[in-house]
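J.: Sequence first, predicted model second:
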Amino acid sequence: MLQENIDMFDLVIAEVHMPDMDGLKLLELVGLEMDLPVIMLSAHGETELVMKAISHGARDFLLKPVRLEELRNIWQHVIRNKESQFVWSVELHRKFLETVNQLGVDKAVPKKIFDLMNVENITREDVATHLQAFFQSFTL
DNA sequence: CTTCTAATAT
DNA sequence: CATATTAGAA
């Protein structure tokens, strides 16, 4: 599945002990052929095993039973690295300001600014957040 | 149902 | 601090 559809996966969580393929081998394969974080899973926390997994490139090592919280944390880390954080360059901010002025401060609402700016890789939410921060800094 | 916005989380 | 996410209002 991985080899056919890399794009569909963000994260691999693999049991160390598997019927046919050794979890460590999978780890090596994935690490070698694709750029996916792999998390190893096992019922036993033998130091040797854990260290082996880590040194083979595992991002983390989970012990069964896995608590929901751990899973949550890991997922969030993966997401965070995956989607780079939006950054307001000086030019972008300039454009933003122009647009706001053009609309009139009272009529400047995220959707309108967003539509008018017409910038790639930007979302309405990005604009909304920036607008919020902008007003906030203004009232300081 | 979409969008806004204050509050809150990261 | 800057940006992201959420909740509840509009």
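T.: Arrived safely, thanks for sending.
J.: residues contacting the residue in chain A that DNA strand B sits nearest to?
T.: Residue nearest to DNA strand B within chain A: A:Lys111 (2.7 Å; C-beta to the nearest atom of the strand). Glycine gets a C-beta too; all of them are placed from N, C-alpha and C. Neighbour list for A:Lys111: A:Arg124 [criterion: C-beta atoms under 8 Å, 6 or more residues apart in numbering].
J.: In which helix or strand does it reside?
T.: When elements are assigned from DSSP states H and E, A:Lys111 belongs to helix A:110-117.
J.: likewise A:Leu41?
T.: strand A:38-42.
J.: Flag every residue of chain A that's near DNA strand C.
T.: Neighbours of DNA strand C within chain A, by C-beta under 7 Å from any atom of the strand: A:79, A:83, A:85-88, A:125-126, A:128-130, A:132-133, A:137.
J.: May I see the buried residues of the strand holding A:Leu41?
T.: For strand A:38-42, the neighbour count (16 or more other C-beta atoms under 10 Å) marks A:Val38, A:Ile39, A:Met40, A:Leu41, A:Ser42 as buried.
J.: if we look at the helix or strand of chain A with the lowest mean pLDDT, which residues are touching it?
T.: When each helix and strand of chain A is scored by mean pLDDT, DSSP states H and E, helix A:68-82 comes last, with a mean of 72. The contact list for helix A:68-82, computed with C-beta under 8 Å, 6+ apart, reads A:Asp10, A:Leu11, A:Pro37, A:Ile39, A:Arg59, A:Asp60, A:Leu62.
J.: just the angle between that helix and strand A:38-42, please?
T.: Relative orientation of helix A:68-82 versus strand A:38-42 (axes from the mean of the first three to the mean of the last three C-alpha atoms, to 10 degrees): 160 degrees.
J.: Kindly state the domain boundaries assigned to chain A.
T.: A:1-83, A:86-140 (automatic domain parsing).
J.: Would you single out the least confident of the ones you listed?
T.: Ranked by mean pLDDT, these end with domain A:1-83 in last place, scoring a mean of 80.
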